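Student: Sequence and predicted model, in that order:
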Amino acid sequence: MSEPGRDDRDRLEAALNLLETLLISYVETGLVEIGNRPIEEILGEIRRHAKEDSEDLDLEFRSTFDHRDSLLERASTAASEGELEIAVVLHTTWIEHVTNGLLLLSLDRQGVSPESCRALIRELRLATKLTALWELARLPELPATHLKLIDRATSLRNAFVHYKWSSVSQQDEERRRRELSETTGQIESLVQVFREIEDQALWSGRREEITQALHDSLVEHVEEVGPPDFL
């Protein structure tokens with residue numbers, strides 16, 4: 001096959017992005033089960049679903065926007081610039097996005113209706129979601145130390161968001177700043193914890209393996225044959 005031009009490279013990039021999005025949706029919603037199945041069997045099922053969907057003229061694709069990475073990036077920037085209140089607001093918002101996403105996907109896999117899932121997510125406090133609802137969703141239990149950290153971060157976030165203009169002593173303000181600094185630093189440890197839970201709960205611990213295999217398979221196909229007909 002001849003060296004691809006700019007249009008071909010753009011089409012390849014679009015194909016990779018589309019298939020990665022399809023892969024994520026097929027696996028995370030439970031349409032494609034992972035377990036200990038051979039990688040080629042998993043990839044074959046993903047390709048079959050992608051082809052079937054591309055041939056369904058009545059199928060409507062709907063987008064869900066994932067803000068998790070941008071929230072972490074902005075939280076890190078805010079913390080490095082000394083804007084600790086902004087950092088803790090962004091960090092706790094990230095925690096809520098991760099929590100809600102994992103719960104919605106896990107409960108959906110168990111047959112809970114979307115309406116009931118969203119009602120529970122909307123009505124319950126974060127602490128209840130991470131304990132009682134977390135257990136009902138059959139997600140790995142979070143250690144007490146992590147729950148206490150999240151509770152402390154949430155309290156700091158609420159104190160800033162619902163600011164009461166109370167007067168404080170210099171000593172109290174210094175104590176508050178130390179707590180903010182310690183909390184924002186410790187929250188970084190939660191990022192890997194939640195990612196490992198997501199990988200295990202939705203991907204059987206094989207997300208990196210499967211996404212890399214799909215990427216390599218698509219690149220090889222494009223180099224030898226060209227983009228798949230269904231893209």
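Tutor: Perfect, thanks for sending it.
Student: Go through the helix ranked longest in the chain and flag the buried ones.
Tutor: Secondary structure of the chain per DSSP state H: the longest helix is helix 170-203. The neighbour-count check on helix 170-203 (16 or more other C-beta atoms under 10 Å) flags 179-180, 183-184, 187, 190-191, 194, 197-198, 201-203 as buried. Where C-beta positions appear, they are placed from N, C-alpha and C, glycine not excepted.
Student: which helices and strands does the helix or strand containing R48 pack with?
Tutor: Assigned by DSSP states H and E, R48 falls within helix 39-55. Counting contacts by 3 or more C-beta pairs under 8 Å, 6 or more residues apart in numbering; DSSP states H and E, helix 39-55 packs against helix 6-28, helix 207-224.
Student: what secondary structure does the most centrally placed residue in the chain sit in?
Tutor: The centre of the chain sits closest to V98, judged by C-alpha atoms, centre = their mean, with a distance of 5.5 Å. Using DSSP: H, G, I helix; E, B strand; the rest coil, the secondary structure recorded for V98 is helix.
Student: Now for it: which residues touch it?
Tutor: R68, F194, E198 (C-beta atoms under 8 Å, 6 or more residues apart in numbering).
Student: Run a quick neighbour tally on the first one.
Tutor: Just to be clear, that refers to R68. Neighbours of R68 under the rule other C-beta atoms under 10 Å: 16.
Student: pLDDT below threshold where in this structure?
Tutor: 1-9, 11-12, 15, 18-19, 222, 226-231 (pLDDT under 70).
Student: Name all residues that make contact with R74.
Tutor: R74 touches L90, counting by C-beta under 8 Å, 6+ apart.
Student: name the element it belongs to?
Tutor: Judged by DSSP H and E, R74 forms part of helix 68-80.
Student: before we move on, back to that, now do the buried residues in the helix holding R48.
Tutor: Per 16+ other C-beta under 10 Å, helix 39-55 contains these buried residues: I42, L43, E45, I46, R47, H49, A50.
Student: Leaving out chain neighbours, which residue sits closest to the third one?
Tutor: It stands for E45. Nearest residue to E45 in three dimensions, chain neighbours excluded: V32, at 5.2 Å (C-beta to C-beta, 6 or more residues apart in numbering).
Student: wait, what's in contact with the closest residue to E209 other than its chain neighbours?
Tutor: Spatial nearest neighbour of E209, excluding adjacent residues (C-beta to C-beta, 6+ apart): I39 at 7.0 Å. Counting by C-beta under 8 Å, 6+ apart, I39 makes contact with E209, I210, A213.
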